[in-house]
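Q: predicted model follows, preceded by the sequence.
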Amino acid sequence: TLIGNAGNDQVNAYEVNSLFAAGGGKDANGAIVPGQDLADSSGILRNVYILNSGITMAQDKEINGLSFVGVGSGTIVEDITIDYSDDDGIEIWGGTVNLTNVTVTHCTDDYFDIDDGFSGTVKNLVINTTTGNAGIEMSGNTAATFDGFTITTGATQAKEGGIYFKNAGIGGHFKNGTIIHNGGQIEPHGALHSNDIINEATTSFENVA
């Protein structure tokens, strides 16, 4: 879990331990103080394999394969593999971090989950859903960009399809990608699934099959 200084007013404290929050914690009244440095660096993750990770700590408090909370665009994240996470593969709360060359397989929940206004770019993403839920799940006021992706849905996947718009007002930009939808999910939500009305102003598909 990386917690940076590029939060926004949507980013809450880290759900597993509320003592930690993007941008320096809380003020004297206990309110979150969001970080303002969108280009902040939390270091370098390159050529990293995260295997057999993830755990539920309490109701709605899970540790994922890889988590980012308010992490800035100065952070380098390249060539990442997440396999057999016992929750989400990757979850990002807010921030502007960019990711390149990411592969996620064998998760028990979502494979790539974004929340709280994450606005970075994910390039060259490969997701193979077998167990678990959505390939990409989006909530919060999100407008992230996915450029170059392949999502393969699995016949034993539970629900939510390849790309899942979870709540009203959500958007995302998708370019140069393919969704291979095999059907057979327990809840047949399709390759694209929206639980409410998406934000058309911040949603686009370009060269997506």
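A: Structure received. This one's a predicted model, so the numbers in the text were calculated from it and none came from an experiment. Residues are numbered from 1 along each chain as shown.
Q: C-alpha only now, for contacts and for neighbours.
A: Fine.
Q: endpoints of stretch 40-53, how far apart?
A: Stretch 40-53 has an end-to-end distance of 27 Å (criterion: C-alpha to C-alpha, to the nearest Å).
Q: for it, the distance to its chain's centre please.
A: 14 Å (C-alpha atoms, centre = their mean, to the nearest Å).
Q: quick one: contacts of it?
A: If you take C-alpha atoms under 8 Å, 6 or more residues apart in numbering as the criterion, stretch 40-53 is touched by 2-6, 64-66, 71-86.
Q: isn't His189 right next to Glu160, touching?
A: Yes. Counting by C-alpha atoms under 8 Å, Glu160 is a contact partner of His189 at 5.2 Å.
Q: helices and strands of the protein: which one bottoms out on pLDDT?
A: Within the chain, confidence by mean pLDDT, DSSP states H and E is lowest for strand 55-58 among all helices and strands, at a mean of 81.
Q: in its sheet, which strands sit next to it, and in what direction?
A: Paired with strand 55-58 in the same sheet, following DSSP bridges, are strand 61-63 (antiparallel).
Q: show me where pLDDT drops low in the protein?
A: 24-28, 30-35 (pLDDT under 70).
Q: returning to what we had before: higher neighbour count, His189 and Glu160?
A: Neighbour count, other C-alpha atoms under 10 Å: between His189 and Glu160, Glu160 has more, with 28 against 20.
Q: if we can go back for a sec, ok, of the contacts of stretch 40-53, which come out buried?
A: In those, burial by neighbour count holds for 3-6, 64-66, 71-86, counting by 16 or more other C-alpha atoms under 10 Å.
Q: next step: the contacts of stretch 40-53 restricted to strands.
A: If you go by DSSP state E, these have 2-3, 66, 76-85 in strands.
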